[in-house]
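> I would like the atomic coordinates for the input below:
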Amino acid sequence: MRSVLIVIFVFLYLLLGLPILGLMWIIGKFNQPWADMAQLRIVQWAFRCIIFISGAKIDFIGEENVPKDEAVMYIGNHRSFFDVIITYSRCPRLTGYISKKSIMKVPVLGLWMKRLHCLFIDRDDIKQGLKVILAAIDQVKNGISVCVFPEGTRCKNKDDLTDVLPFKEGTFKIATKSKCKIVPMAIVGTNEIFEDQFPWVKKRHVTIKYGTPIDPVSLSKDEQKHIGVYCRNVIVDMLKEIV
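Next up, the predicted model:
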């Protein structure tokens, strides 16, 4: 029943969202910052509705660690589509997620994501991937946060909730080149909402923990050289504290 209700809600949102996108486009011609924030809050409202329908109970730990007055790079372990829905619903400022290119083909959804400064990466095209990283660096420099799941795909190990796939080092150029802080997120339980019993949505308990921001400049030369490994270890340690 929850799955059906979510499908209906998403369909109606995308349908009714078309005129809203048109209105925001017009407003953006006169006041783009206001339009950007309005679109962010509208999508966050929609995501909170989906979370409510799913029945998920979520514990947010360490949200005080998230800077609200500067752009950051969020990173997290990836277990479920709900990772995006839940974490995006809590972003205090404009934030663009880096997603796989195929999402652009989803009617209306791709348009909403573009409006929200999301970037789309082709995992099979190295040159295109580099362009996306450069675009993300520019966004952060312009005050827009970026969220990335550095594993590149979802980890499907149900037996070990602390298991995290290797992080792609190139992703962290976003932080090192823009000199922004990295906010680690440890996510537990999202796969139990949907993926573990696809296509059904179940009421489950989820924990999201935000760690202390990592300043790449403060790391040792060796840690900077292998910053992906360093950040992965931070998130694994956070997962062990939760589990």
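> Could you use CA atoms for every contact and neighbour count after this?
OK.
> Show me the helices in this structure, by range?
2-28, 32-54, 82-88, 109-115, 126-141, 173-178, 221-225, 227-242 (DSSP state H).
> quick one: pLDDT of the residue located most distally from the centre of the chain?
Largest separation from the mean C-alpha position in the chain: F30, at 28.6 Å (C-alpha atoms, centre = their mean). Looking at F30, its pLDDT stands at 96.
> By average pLDDT, which secondary structure element in this protein comes out worst?
helix 109-115 (a mean of 89; mean pLDDT, DSSP states H and E).
> what's the spacing between E70 and Q39?
19 Å (C-alpha to C-alpha, to the nearest Å).
> rewinding a little: give the other helices and strands that the least confident helix or strand of the chain contacts.
Using 3 or more C-alpha pairs under 8 Å, 6 or more residues apart in numbering; DSSP states H and E as the contact test, no helix or strand touches helix 109-115.
> Pull the distance from it to the chain's centre.
14 Å (C-alpha atoms, centre = their mean, to the nearest Å).
> cool, stretch 39-46 as well?
On C-alpha atoms, centre = their mean, the centre of stretch 39-46 falls 14 Å from the chain's centre.
> again, but for stretch 45-52
15 Å.
> Buried ones in stretch 196-216, by neighbour count?
Under the neighbour-count criterion of 16 or more other C-alpha atoms under 10 Å, stretch 196-216 has 201-204, 206-214, 216 buried.
> By mean pLDDT, show me the worst of the helices of the chain.
helix 109-115 - the lowest mean pLDDT of the helices of the chain, at a mean of 89.
> Who's the closest spatial neighbour of R232, skipping the chain neighbours?
F167 (6.5 Å; C-alpha to C-alpha, 6 or more residues apart in numbering).
> Next, find the distance separating the one you found from Y230.
For F167 relative to Y230 (C-alpha to C-alpha), the value is 9 Å.
> and what of V72?
If you go by C-alpha to C-alpha, the gap between V72 and Y230 works out to 17 Å.
> ok, the two, which is more surrounded?
Neighbours per residue, other C-alpha atoms under 10 Å: of V72 and Y230, the larger number sits with V72, 28 against 15.
> Against F194, how distant is that one?
29 Å.
> ok so, going back, so for E70 and Q39, which sits in the more crowded spot?
Q39 (20 against 14).
> show me what contacts that one?
Listed by C-alpha atoms under 8 Å, 6 or more residues apart in numbering, the contact partners of Q39 are 24, 115-116.
> Check K177 too.
Applying C-alpha under 8 Å, 6+ apart, the residues contacting K177 are I137.
> Setting the sequence-adjacent residues aside, check what's closest to I174.
Using C-alpha to C-alpha, 6+ apart, the closest residue to I174 is I137 (4.9 Å).
> so what does the top strand by length along the chain touch, helix or strand wise?
Ranked by number of residues, the top strand in the chain under DSSP state E is strand 181-188. Other elements packing on strand 181-188 under the criterion 3+ C-alpha pairs under 8 Å, 6+ apart are strand 72-76, strand 205-210, helix 227-242.
> Dump it to PDB, keeping only the CA atoms.
The C-alpha coordinates for strand 181-188 follow below in PDB (Å, rounded to 0.1, in the frame of the first residue of the first chain):
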ATOM      1  CA  LYS A 181      35.000  21.500   3.800                       C
ATOM      2  CA  ILE A 182      33.800  17.900   3.400                       C
ATOM      3  CA  VAL A 183      30.800  16.800   5.500                       C
ATOM      4  CA  PRO A 184      30.800  13.000   6.000                       C
ATOM      5  CA  MET A 185      27.400  11.200   6.300                       C
ATOM      6  CA  ALA A 186      27.000   7.700   7.700                       C
ATOM      7  CA  ILE A 187      23.800   6.100   6.600                       C
ATOM      8  CA  VAL A 188      22.200   3.000   8.000                       C
END
